[in-house]
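> have a look at this fold, sequence not included:
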């Protein structure tokens with residue numbers, strides 16, 4: 001999965017990573033649960 005990363009400085013990267021983690025955490029958990 002390739003995603004276009006929009007970065008505006010280091011602060012923008014931190015916000016992007018935090019949002020990404022919040023969005024991906026439940027998704028990855030669901031995927032792991034489905035794969036078991």
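Ah, there it is. Computed from a predicted model, the values in this text were never measured in an experiment.

> confidence score at residue 29?
The model reports residue 29 with a pLDDT of 90.

> any stretches of the protein with poor pLDDT?
The chain contains residues with pLDDT under 70 at 1-9.

> find the residue at the geometric middle of the protein.
The C-alpha lying nearest the average C-alpha coordinate of the chain belongs to residue 20 (CA atoms, centre = their mean; 2.6 Å).

> please report the distance of that residue from residue 13.
For residue 20, the distance to residue 13 equals 10 Å [CB to CB, to the nearest Å]. From N, CA and C alone the C-beta is placed, and that goes for glycine too.

> burial count for residue 27?
Neighbour count of residue 27, defined by other CB atoms under 10 Å: 9.

> buried residues in the host helix or strand of it?
Secondary structure assignment for residue 27, by DSSP states H and E: helix 9-35. Using 16 or more other CB atoms under 10 Å as the test for burial, helix 9-35 gives no buried residues.

> distance between that helix and the chain's centre?
On the basis of CA atoms, centre = their mean, to the nearest Å, helix 9-35 sits 3 Å off its chain's mean C-alpha point.

> next one: stretch 21-36
In terms of CA atoms, centre = their mean, the centre of stretch 21-36 is set 11 Å apart from its chain centre.
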